[in-house]
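Visitor: Fold the following.
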Amino acid sequence: MKNYYEILGVSENAPNSEIVTAYEQLTKKYHPENFVGEAKELVEHRVNDIKEAYSVLSDDFLRNQYDKERGIDTSIRVEKELEEEKTKPKKRKAEKEEKQKKQGFIERRREKRKNKPKVGTVVGLKNVTQQVFKNFSQFKIEKPTKKSALAMLAAIAIVLLIGLILWFIPFTNGFMRSFLLLNS
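Guide: Numbering: from 1, shown residues only. I've put the predicted structure just below:
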C-alpha cells in the first residue's frame, strides 16, 4: 500500500489546507512540460502518484478509510482542523485589512502619479502654462505712483552703477566685455 502522506510530503495529522498547498507545489515542481525524454516519463508517473494521493487525502471520507486501513489515529487531525476553522475568520479579517491597506497604498500612488507634473512633455508644458496664466485675466496694470516710479529709477541707477564699477575693475573687465559682446 502506497503511503500517500509520504508522496505529498506532509505529516499524517496535516490539515486539508496543508495537503492542498503541498499538492499545488508538487504539481508545479513536477510539471511534465519542464522535462524531456526519459525524465518526462518518470515525472508523469510521479505526477500520477501525486494526483492519486491528493484525490484520496482531499476527500474526508476516503481519507478516514485510508487512515483506518493504515491504523492512523485521526483525533489529532480533527482537533487541528477544528482549531483552524476557529482561526479562519480572524485570518480572513486580517487578510481583508491587509488587502485594503495595499489597495489604499496603490490608490495613493496612482493619485500622486496623476498629479505629478509631466516634466519635459507637451502635456507638462501645457499644465505649467495653465498654472502660470490661470489668473492672468484678473491682473490689472495700474498707473505707477510717484513712489513706485522713484523706486524703479533708483533700482536702474544702482544696476548701472554696479556695471560701471565692474567695468573699471581689471579682473571683471573681460567678463563685462564678453557679456556685452564687445570682444570681437
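Visitor: ok, now which ones touch the residue most central in space within the chain?
Guide: In the chain, the C-alpha closest to the average C-alpha coordinate belongs to residue 106, at a distance of 7.3 Å (C-alpha atoms, centre = their mean). Under the criterion of C-beta atoms under 8 Å, 6 or more residues apart in numbering, the contact list for residue 106 is empty. All C-beta atoms are positioned from the backbone trio N, CA, C, and that covers glycine.
Visitor: what about it, which helix or strand?
Guide: Per DSSP states H and E, residue 106 falls inside helix 75-115.
Visitor: swap in residue 124?
Guide: Residue 124 belongs to helix 122-132 when assigned by DSSP H and E.
Visitor: and the helix or strand that comes right after that helix, what does it pack onto?
Guide: Under the assignment DSSP H and E, the closest C-terminal helix or strand after helix 122-132 is helix 146-168. In this structure, helix 146-168 makes packing contacts with helix 170-179, judged by 3 or more C-beta pairs under 8 Å, 6 or more residues apart in numbering; DSSP states H and E.
Visitor: C-alpha coordinates for the helix it packs on, PDB please?
Guide: Extracted as PDB, the C-alpha positions of helix 170-179 are listed here (Å, rounded to 0.1, in the frame of the first residue of the first chain):
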ATOM      1  CA  PRO A 170      40.600  94.800 -14.400                       C
ATOM      2  CA  PHE A 171      39.600  91.300 -13.200                       C
ATOM      3  CA  THR A 172      36.000  91.700 -14.300                       C
ATOM      4  CA  ASN A 173      36.600  93.900 -17.400                       C
ATOM      5  CA  GLY A 174      37.000  90.800 -19.600                       C
ATOM      6  CA  PHE A 175      33.800  89.300 -18.300                       C
ATOM      7  CA  MET A 176      31.900  92.600 -18.900                       C
ATOM      8  CA  ARG A 177      33.200  92.900 -22.500                       C
ATOM      9  CA  SER A 178      32.200  89.300 -23.300                       C
ATOM     10  CA  PHE A 179      28.800  89.900 -21.600                       C
END
